[in-house]
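any chance you can model this:
(one chain, ligands or ions: 1)
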Amino acid sequence: MATTQPKHHEALDAAARVPSESDLETLSRQLNRPVRDVVEIGARCVCGNPLVATTAPRLSSGIPFPTTYYLTHPVITAAVSRLEAAGVMNEMNEELGANAALAAAYASAHDHYLAVRDAIGERSGTGEVPEIAGVSAGGMPTRVKCLHVLVGHSLAAGPGVNPLGDRALAAIAEWWTPEVCRCAGAWDTEGEAPIRDRSRHVKTQAGDPETKKRERAAARAAREAAEAAGQEG
Ligand SMILES: [Zn+2]
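Numbering: from 1, shown residues only. Model prediction:
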């Protein structure tokens, strides 16, 4: 039985989406690398820890970025990887070809993704990003290419928006469910966090020629984009 959500539904309210310094440190620990360009938290554990990092549709370097939601919780990412390894995406793609109702619901999920991404662009000051207009992620609207993307979307949107993300979430229930915190021991909470890149804050502090700084920022953004693309699949 599907729940019906408003067209632009997001799981977290505005206050809960705001990332604290502690959230950003947790994300870096979960991913074991410094996070950059995270503008919001898309979903949280019942304990409050981030599950999904939200990136604006344009990185601070200027690069367009279609993949809004990035699944960060190691227990969930590992469980979703197991589904992918078990061939679940092939089954879903076959079913999308044969089940018109499912295909329509999945196409609506794509529309939701784009609408919310526009809203996030507006909130974060990115504005419209014409380069990626109509382009979502994870294979939407007609294919399934990355279950991590779909699960990230389902967690950030709440149930009833992305039918295949919801299904993948149900399928990992033996490892993770929304009602139970599985954070303990899921990532290293001791020692130094992977250092957060603070280049945006020290930009004006002399040293390097402006060009070099821009080159380094572009290289970083390209690496991040490549890493995000690496989650595709
Ligand atoms: Zn937790």
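
CA atoms for contacts and neighbours, from now on please.
OK.

would you state the helices of this structure in chain order?
In the chain, the helices defined using DSSP state H lie at 14-17, 21-31, 74-85, 88-98, 100-123, 147-157, 163-171, 199-202, 210-230.

who in the protein is up against the ion?
By Cα under 5 Å from the ion, the residues of the chain that approach the ion are 45, 47, 181, 183.

most packed of the helices of the chain?
Most buried of the helices of the chain, by mean neighbour count (mean count of other Cα atoms under 10 Å): helix 147-157, with a mean of 28.

relative to helix 74-85, how tilted is it?
Counting by axes from the mean of the first three to the mean of the last three Cα atoms, to 10 degrees, helix 147-157 lies at 130 degrees to helix 74-85.

tell me the pLDDT at the nearest residue to residue 56 once chain neighbours are set aside?
Take residue 56 and drop its neighbours on the chain: the residue closest to it by Cα to Cα, 6 or more residues apart in numbering is residue 121, 5.7 Å away. If you check residue 121, the pLDDT there is 96.

how close does residue 121 sit to residue 151?
21 Å (Cα to Cα, to the nearest Å).

what number of residues lie near the residue nearest to residue 17 when sequence neighbours are not counted?
The shortest distance from residue 17 to any non-neighbouring residue, by Cα to Cα, 6+ apart, is to residue 41 (4.7 Å). Neighbouring residues of residue 41 were enumerated by other Cα atoms under 10 Å; the total is 26.

still on that earlier bit, can you tell me which of the helices of the chain has the worst average pLDDT?
Minimum mean pLDDT among the helices of the chain: helix 199-202, a mean of 40.

if we can go back for a sec, got a list of what the residue nearest to residue 17 touches?
Applying Cα atoms under 8 Å, 6 or more residues apart in numbering, we find residue 41 in contact with 16-19, 50-54.

how close does it get to residue 21?
12 Å.

how about residue 42?
From residue 42 to residue 21 the distance is 15 Å (Cα to Cα).

residue 50 too?
12 Å.

and if you look at residue 39?
Counting by Cα to Cα, the separation of residue 39 from residue 21 is 12 Å.

then residue 46?
Distance, residue 46 to residue 21, by Cα to Cα: 19 Å.

likewise residue 141?
Counting by Cα to Cα - residue 141 and residue 21 are separated by 35 Å.

before we move on, what about residue 88?
Counting by Cα to Cα - residue 88 and residue 21 are separated by 36 Å.

if I look at residue 123, how far off is the ion?
27 Å (Cα to the ion, to the nearest Å).

typed the wrong thing, it's residue 58
29 Å.

wait, what's in contact with that residue?
Here residue 58 is in contact with 64-65, 121, 126, 129 (Cα under 8 Å, 6+ apart).

what count of nearby residues applies to residue 188?
Residue 188 has 13 neighbouring residues, counting by other Cα under 10 Å.

does residue 163 touch residue 102 like I think?
Yes. Under the criterion of Cα atoms under 8 Å, residue 163 makes contact with residue 102 at 7.4 Å.

what residues are up against the closest residue to residue 33 other than its chain neighbours?
Leaving aside its chain neighbours, residue 33 sits nearest to residue 194 (5.3 Å; criterion: Cα to Cα, 6+ apart). Residue 194 sits next to 25, 28-29, 32-34 when contact means Cα under 8 Å, 6+ apart.
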